[in-house]
Structure formats: C-alpha cells, structure tokens
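Have a look at this fold, sequence not included:
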C-alpha cells in the first residue's frame, strides 16, 4: 500500500471506531474594522504528519484553499484513447453531480464566489478551489460530490469531448505556438512513451472514447489509494478529518499503477521541425530527458541552480536572456528549466501539483523572427555549452545564489500555492520543505562543485530540438547545410565585442545529420 493508501486506511479506521466528525462550524464574515489593521497572521499550523494528507491551518485567514491531487494523468490514458483522463477530470468538474446538473451546480457556486478547477498533467491530476471561510459550509458538499458522485452523463460527455477536440486542433495546433513548441519537444523526447501525447489527447484517441469509458476510467484512476488531500487557510478545526473521512469513500484502486518505461535513448542531436504555414514567428525548444526529479536531494538543487543561472522564467537575470534579448534584441523570452514547467495562471511561478516520475530539462526561445531563427538556435546552444564548460565565476556564483535564495520563497505567496508545494513534497517523498531544501543545498554549493555537477547532469551531445516555423522544409534545409548562419540585421549598430561574438555564434556547430531530422506538417501533429 502506498502513502496515500495508508492515509485513507487511517481515516477509515478512525471513522469505523466511532470518532466523531467535527461539523463545519464556520464563523461568519469578519466586519472590516480594527482587525484589518492587525499584524499578518501567524505561520500556518501543520497538522500531525500523515502520509497522503497535508493540512496547513491559519486560524485568522479569511479563505480556505482545497487541493485534491490524484496520482494519475495523461500517462494513464489507455492506448488508442488518448485524452481520456483529461476528459474524465473535466467532466467531473464541469458536468455536474448525481443530484445536480452542471447548470444547477454553477448556479449554486456563483453566489459563493467559488469555482472548481481540474488540471491534468502527465502523472498527476488536481482538483482545486479557493473559497471564503464564510462560504465553506455551503461550498464543501458541492466540492465533495464533484469528486465522489460525478454525473458523467451523455450531454456533458458530448459537449466536453467536442471542446477538448477543439482545444487540440484549433487551440494547440492552430493558435498557441508557445504551447505547440513545448508539446512538440515532449513528443520528440517521448515518442512511443506514455508521456508522448498532450493531455488533450490525439484526434483519433478522442474520437474513439465512448461514454462508458468515462465511468470505468474514473474508477480506475480517481480512486482511494492514489489521492493526496490538501487543505489550507482558515478552515474550522476538524475539517481536514471530515475531508479525509469523506474521500475514504472513494473506491479502492484495482492493482498497482503501471510502471513507466524508460524514455527513448538519443544518439546525437535530433531535430523536429513543425511546418506551420502562416506562423508569425519561430518557436524553439531544446531539451533532454533526465532521471533527476525533486526526490533527488543530492542532484536536483544543483540542476535547478544551473538552469536558473541560464534563465529563470520571466526574469531578466539569466545568461540566455542577457545574450539573446538584452544584447541583441532577438526575441522576447529566453529561459531554461530543470523540470517540466507550466506557468501558474498569470504568475511567474510554476504550477504546483504537476509532479512527474520522469523529467526533462529544457531551453525555450520565443518568438524569434524567421530569418534569425538559425542564429538564435546557435546562440542558445553556445551559451548553454559555455556554462557547462566554464561554469560560473566566483562573483557570478555568489550573486546568483543570493538572488535564488530570496527568489525561491516568492513561489509561495498564497495559501493555495503554499499548499500545492507542500503536497509536492509528499508526492516526491521529501522529508523537508522544498524552499528549505533548496536553500540548505545551495549553501553547500561552490563554483567548483556546481561545475562538476553541471558536467554530470547537463546533456550537451544528445539533444532534442523542436522548432515551429512557417516554412519547415526551408528551416531544416538551412540547418542541415552546416554553413554559418546569417547574422541578424540589427536596427542599430552593436559594440565591437558583440559583433565579434556574432561571428562565433554563426559558426557554432549543430552536429545534425539528415537521418535525425524530420519535418512534420502541423496538421499531422497529435493525430
């Protein structure tokens, strides 16, 4: 039995022994008065450690954050029915309950200023909500029934499958080049692997799903032994016990979760060009698979430090950003990631509860003018290679560590995000909180250790490169020629040192050959 299963076995045992369930005695709304001028609330109070449950109570908080995560995602889609997990989760959240149609559910949620969100990744699905304390008593039965008694009816199935198909064909392939580039990289890295298709699925997979598949997949994936409970904020004492006792009523999981196969091996650099006529700019993603996850306390902090030195999401301090955007104005964003990254809404931070059993390291450049794409690709690879080869100077290392040690705490500014990170610690079987682990590990790093670990952890010879551009065949032919790339036509003269560097970038080797280069029409992606 896994950790989540142990948590629910404990909850069931307490429930069976007659432990009273604490009613939802939720206090009424606080009147705006001197309470608004009080000091910030004390740190959240963590409940006694229990595998599979995270409870962070802040008695004075005015909201309650709920996150219910299941160890299951698009990697659990049956072959030939890709997209099923996403469809089940969406139909649960947006299809109503056994007692309420979705219209009825939406009508009840609206005056509570609350909504229920479902998010699916490769290995994890999370249902989340943030609700005012005063509305919790009315909201909770609705949230509970979405999880325990989803409607999963024909009307919702038809409506949401059509929408998901549109998200795949018109959204991902048609209008979201940023996401398309990232998915193309994952398709290349995980071809033939359960991670190899988007969470939305494939066209053929979605078309093959029947209504009966929703209920069977719900029972198989959204089951008791796969769940991690999370609650934070100003919930009443005992509410986490109520939540645990209710979710213990989920059906038991039928057998162990299937193990993942190893990702495909890569021998030399490999290029996939997605030919998308009419694309206004080129998107470039570079990466490789890695066994290193947050569970690896010896290696992950150094890997994160190195990729953050290359470029933190939406931050200007990284080397990629400085070299490609600040000095040359080639594009908007140039970043690097130690693990799969998905932005959390409009924040700069990573979305919590997207834990994966296998990970990828990636570099991201977008949007790039078509004419500058070969040069930008070489520039990014050169910056990356130089960091691996040369490491950081003492001054750069100290400055980066000081910045990261402060910046890492900014990831957890809301109760919901703090809760999500604490649940990720459970998913990755960590004994110490993420922020504390990173800061402590970085204290032990120095430039020589970082350089040695970067050489060990960062792949430089067997990279996957995914490019989305308007003339895919021309891009592939240009990169295969091996000739120096044309340097950009800048709007203003550049300093002599930049011009000298440009000549080096233009000649940086790509190590490509025709046997490892493919051009695929965007209309064929994720068929």
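Right, received. Where do you want to start? Here the structure is a predicted model, which means the values were calculated and not measured. Residues are numbered from 1 along each chain as shown.

Quickly note the distance from the nearest residue to residue 363 once chain neighbours are set aside to residue 366.
Nearest in space to residue 363, with sequence neighbours left out and distances taken as C-beta to C-beta, 6 or more residues apart in numbering, is residue 286 at 4.3 Å. Bear in mind the C-beta positions are built from the backbone N, C-alpha and C, glycine included. Distance from residue 286 to residue 366, counting by C-beta to C-beta, to the nearest Å: 12 Å.

same question, residue 308
19 Å.

Those two: which is more packed in?
residue 308 (23 against 20; other C-beta atoms under 10 Å).

quick one: pLDDT of the more buried one?
Here, the pLDDT recorded for residue 308 equals 97.

What are the buried residues along stretch 398-408?
Judged by neighbour count (16 or more other C-beta atoms under 10 Å), stretch 398-408 contains these buried residues: 400-401, 404, 408.

Widest-spaced pair of these?
Within the buried residues of stretch 398-408, two members stand farthest from each other by C-beta to C-beta: 400 and 408, at 12.0 Å.

residues contacting residue 383?
By C-beta atoms under 8 Å, 6 or more residues apart in numbering, the contact list for residue 383 reads 310, 319-320, 323-324.

In helices only, show me those residues.
Cross-referencing these against helices under DSSP state H gives 310, 319-320.

Which strands and helices lie in contact with the strand or helix carrying residue 218?
Residue 218 belongs to helix 211-221 when elements are defined using DSSP states H and E. Helices and strands touching helix 211-221, by 3 or more C-beta pairs under 8 Å, 6 or more residues apart in numbering; DSSP states H and E, are helix 84-94, helix 154-166.

For residue 245, give its distance to residue 153.
Residue 245 sits 28 Å away from residue 153, going by C-beta to C-beta.

Compute the first-to-last residue distance for stretch 489-497.
Here the two ends of stretch 489-497 are set 16 Å apart, with distance taken as C-alpha to C-alpha, to the nearest Å.

Could you do stretch 250-262 as well?
31 Å.

returning to what we had before: so what's the gap between the helix or strand where the residue nearest to residue 363 lies and the chain middle?
Following DSSP H and E, one finds residue 286 within strand 282-290. Here strand 282-290 is found 15 Å from its chain centre; the criterion is C-alpha atoms, centre = their mean, to the nearest Å.

Could you do stretch 175-190 as well?
The chain centre lies 13 Å from the centre of stretch 175-190; the measure is C-alpha atoms, centre = their mean.

what comes into contact with that stretch?
172-173, 195-198, 263-264, 270, 272, 274, 276, 279, 281, 283-289, 360, 362, 364, 366-367, 464, 466-468, 522, 525-526.

okay, now residue 96: neighbour count?
Neighbour number of residue 96 under other C-beta under 10 Å is 24.

got the contact list for it?
Contacts for residue 96 were tallied using C-beta under 8 Å, 6+ apart; they are 102-105, 150-151, 153, 156.

Report the buried members of those.
By neighbour count, with 16+ other C-beta under 10 Å, the contacts of residue 96 hold 102, 105, 150-151, 153, 156 as buried.

what's the closest of the residues you listed to residue 437?
Nearest member of the buried ones among the contacts of residue 96 to residue 437, counting by C-beta to C-beta, is residue 150, at 36.4 Å.

still on that earlier bit, farthest pair in the contacts of residue 383?
310 and 324 (11.0 Å).

What's the mean pLDDT across stretch 394-414?
Mean pLDDT, computed over stretch 394-414, is 94.

contacting residues around it?
Here stretch 394-414 has contacts from 65, 305, 308-309, 312, 315, 317, 349-350, 391-392, 417-418, 421, 434-435, 438-439, 442, 445-447, 450, using C-beta under 8 Å, 6+ apart.

Now find how far off-centre it is within its chain.
21 Å.

Next: stretch 378-385.
The answer for stretch 378-385 is 25 Å, by C-alpha atoms, centre = their mean.

cool, and stretch 215-226?
Distance of stretch 215-226 from its chain centroid, counting by C-alpha atoms, centre = their mean, is 22 Å.

How about stretch 283-298?
For stretch 283-298 - counting by C-alpha atoms, centre = their mean - the centre lies 12 Å from the chain centre.

One more: stretch 519-527?
Centroid separation between stretch 519-527 and its chain, computed with C-alpha atoms, centre = their mean, is 24 Å.

before we move on, what about stretch 497-509?
On C-alpha atoms, centre = their mean, the centre of stretch 497-509 falls 35 Å from that of its chain.

Can you list the buried residues in it?
501-502, 505-506, 508.

Return the subset of those residues lying in helices.
Checking these against DSSP H, those in helices are 501-502, 505-506.

gap between the two ends of stretch 188-196?
End-to-end for stretch 188-196, by C-alpha to C-alpha: 8 Å.

pLDDT on that stretch, on average?
For stretch 188-196, the mean per-residue pLDDT is 98.

circling back to that earlier point, wait, isn't the residue nearest to residue 363 in contact with residue 460?
No. Counting by C-beta atoms under 8 Å, residue 286 does not reach residue 460; the two are 10.8 Å apart.

joint contacts of the two?
residue 384.

more crowded one of those two?
Neighbour comparison, residue 286 and residue 460: the larger count goes to residue 286, with 22 against 15 (by other C-beta under 10 Å).

what bridges to the more buried one?
Applying DSSP bridges to residue 286 gives these bridge partners: residue 363, residue 465.

related to what we said a few turns ago, figure out which of the helices and strands packed on helix 211-221 is closest to residue 300.
For the helices and strands packed on helix 211-221, proximity to residue 300 was assessed by C-beta to C-beta; helix 84-94 is nearest, at 26.5 Å.

Which neighbouring elements make contact with the closest one?
Using 3+ C-beta pairs under 8 Å, 6+ apart: helix 84-94 touches strand 117-120, strand 125-132, helix 136-148, helix 154-166, helix 211-221.

quick one, which of the ones you listed is packed in tightest?
The highest average neighbour count among these, using mean count of other C-beta atoms under 10 Å, belongs to strand 125-132 at a mean of 22.

quick one, it and helix 136-148 angle?
Per axes from the mean of the first three to the mean of the last three C-alpha atoms, to 10 degrees, the angle that strand 125-132 makes with helix 136-148 is 170 degrees.

Identify the residue nearest the residue most central in space within the chain in space, chain neighbours excluded?
The centre of the chain sits closest to residue 342, judged by C-alpha atoms, centre = their mean, with a distance of 3.9 Å. Take residue 342 and drop its neighbours on the chain: the residue closest to it by C-beta to C-beta, 6+ apart is residue 351, 4.7 Å away.

my guess is that neighbour meets residue 343, correct?
Yes. The criterion here is C-beta under 8 Å, and residue 351 meets it with residue 343 at 6.8 Å.

sorry, back to before: of all the helices and strands packed on helix 84-94, which one is nearest residue 94?
helix 154-166 (6.4 Å).

pLDDT value on residue 52, please?
pLDDT recorded at residue 52 is 83.

separation between it and residue 495?
Residue 52 is 57 Å from residue 495, by C-beta to C-beta.

Of the two, give the one with the bigger neighbour count.
The residue with more neighbours, out of residue 52 and residue 495, is residue 52; 27 against 9, by other C-beta under 10 Å.
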